[in-house]
Each structure stands twice: as structure tokens, then as C-alpha cells.
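Enquirer: Fold the following, please.
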Amino acid sequence: LVYDLVGKTLDMPVHELLGGACRDRVLCSMWPGRRTPADAGRKAAEGQARGFDTIKFKCNQHDDVAAWANEVRRQCGPQMQMIFDPNQRWRDFELSAKNIRALKDGGFNILAIEDPVERTHLADFHRLRQFGLNIVLHIALSYPMFGHRADDALKALHAKRGGQPLTFV
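Expert: Numbers count the residues shown, from 1 in each chain. The predicted structure is shown next:
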């Protein structure tokens with residue numbers, strides 16, 4: 001915000017204040033929340049028309065995420081990336097594995113699955129990676145009331161299985 005204000009005052013783009021542009025395009029994602037499959041596809045198409053290349057959905061244990069992904073692909077093509085964030089609501093490894101398998105087997109462009117199971121079950125996060133999708137732990141230090149703590153990042157890094165540390169965002 002400060003750079004933007006200085007740039008406007010000097011009539012210069014912010015990238016000039018920071019030493020010059022390093023790219024001419026920035027990837028941008030949208031977050032419309034939970035949807036029905038048809039609405040997921042419609043919102044993704046609206047976002048794609050506005051320049052978004054990734055869509056993030058909140059979801060729960062009752063949602064047919066593969067149907068959402070299918071509708072997004074139908075309306076946007078295979079290039080639209082998707083993130084599914086159950087916020088730990090896929091309950092356990094078995095339900096998470098079922099949903100992740102459906103997304104993987106459908107060949108959808110899945111960027112990540114965020115917090116599929118309870119955040120303290122780091123072993124399940126690692127086990128879910130066997131399906132070949134990015135399984136990430138969301139750590140937001142501004143939300144300690146929801147169990148997000150700075151040491152979560154260290155725990156995730158130290159809980160590596162098979163030589164791979166857990167990815168967190």
C-alpha cells in the first residue's frame with residue numbers, strides 16, 4: 001500500500017520503485033466459496049473471462065468435488081487450475097483418499113488440496129500425498145484462535161515421510 005501511494009505521488013508504477021518488472025504477467029486466483037457443480041463451472045468461467053487462472057473452493061464431506069471439477073473443466077477447459085479446501089472437514093484419511101482419488105482419476109487440473117483432514121494428523125497429510133496431488137497445510141499466524149501456530153510450520157517440516165517435507169501455505 002505504501003509503495004502504491006508513493007508510486008501514485010511520483011506518477012510511476014510500483015515495479016519501478018522496486019527495481020523494475022520481473023515479469024509481464026502474474027498468476028491470479030479467485031475464491032468463490034462453496035458451490036453446486038453447475039454454479040462452480042459458471043463462477044469459474046466468469047473468473048476466467050476476467051483473467052483468473054485458478055479457482056479455490058471451500059468444500060465439506062457432502063460435496064461431490066469431482067462433479068465440481070468436471071463442470072469447471074467443461075466450461076473453462078483443462079487449463080483452469082483448482083484448489084479444494086475442506087478446512088479439515090473431510091474427517092479422515094478414507095474420505096479424503098476417496099475424494100482425492102476421484103480428482104486424480106478424473107485428470108483434472110488440481111493445484112492443491114488444502115487441509116483435508118485435522119491439521120494435527122500430519123501422518124495422514126503425508127499418506128494422502130501418495131495419490132500424486134499437492135496436499136498442503138494452511139498456516140495463518142493471524143488465526144491462533146483456530147489452532148494456527150508458528151510451530152505448526154516446524155512440525156510439518158520435521159514430520160517428513162519418504163524424504164519429503166510437508167508443504168504448507
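Enquirer: contacts and neighbour counts: CA atoms only from here.
Expert: Noted.
Enquirer: in this structure, which spans are strands?
Expert: Per DSSP state E, the chain carries strands over the ranges 29-30, 54-58, 81-85, 110-114, 135-137, 167-168.
Enquirer: what's in contact with the third one?
Expert: Strand 81-85 is contacted from outside by 53-59, 65, 69, 109-116, using C-alpha atoms under 8 Å, 6 or more residues apart in numbering.
Enquirer: let's see 10 Å
Expert: For strand 81-85, the external contacting residues (C-alpha atoms under 10 Å, 6 or more residues apart in numbering) are 29-31, 33-34, 44, 52-60, 65, 68-69, 72-73, 100, 108-116, 134-136, 138.
Enquirer: Just the buried residues out of those residues, in ChimeraX syntax.
Expert: Only the buried entries of these go into this ChimeraX selection, using 16 or more other C-alpha atoms under 10 Å:
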select :29,30,34,44,52,53,54,55,56,57,58,59,60,65,68,69,72,73,100,108,109,110,111,112,113,114,115,116,134,135,136,138
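Enquirer: got any ranges where the chain has weak pLDDT?
Expert: 1, 146-148, 153, 159-169 (pLDDT under 70).
Enquirer: Geometric centre of it: which residue is closest?
Expert: residue 83 (3.8 Å; C-alpha atoms, centre = their mean).
Enquirer: Just give the closest residue to that residue, not the sequence neighbours.
Expert: residue 56 (4.4 Å; C-alpha to C-alpha, 6 or more residues apart in numbering).
Enquirer: Can you name the residues that contact that neighbour?
Expert: 29-34, 40, 44, 81-85, 110-114.
Enquirer: From residue 154, how far out is the residue nearest to the centre of the chain?
Expert: According to C-alpha to C-alpha, to the nearest Å, residue 83 stands 24 Å off from residue 154.
Enquirer: ditto for residue 91
Expert: Counting by C-alpha to C-alpha, the gap from residue 91 to residue 154 is 23 Å.
Enquirer: And the two? Which one has more around it.
Expert: residue 91 (15 against 11; other C-alpha atoms under 10 Å).
Enquirer: Share the number of residues neighbouring the closest residue in space to that one that isn't next to it in sequence, please.
Expert: Once flanking residues are discounted, residue 91 sits nearest to residue 117: 5.5 Å by C-alpha to C-alpha, 6+ apart. Residue 117: 23 surrounding residues under other C-alpha under 10 Å.
Enquirer: For residue 117, grab phi and psi.
Expert: Torsion angles at residue 117 (phi, psi; degrees, to the nearest 10) stand at phi -120, psi 180.
Enquirer: Perfect, I'm done here.
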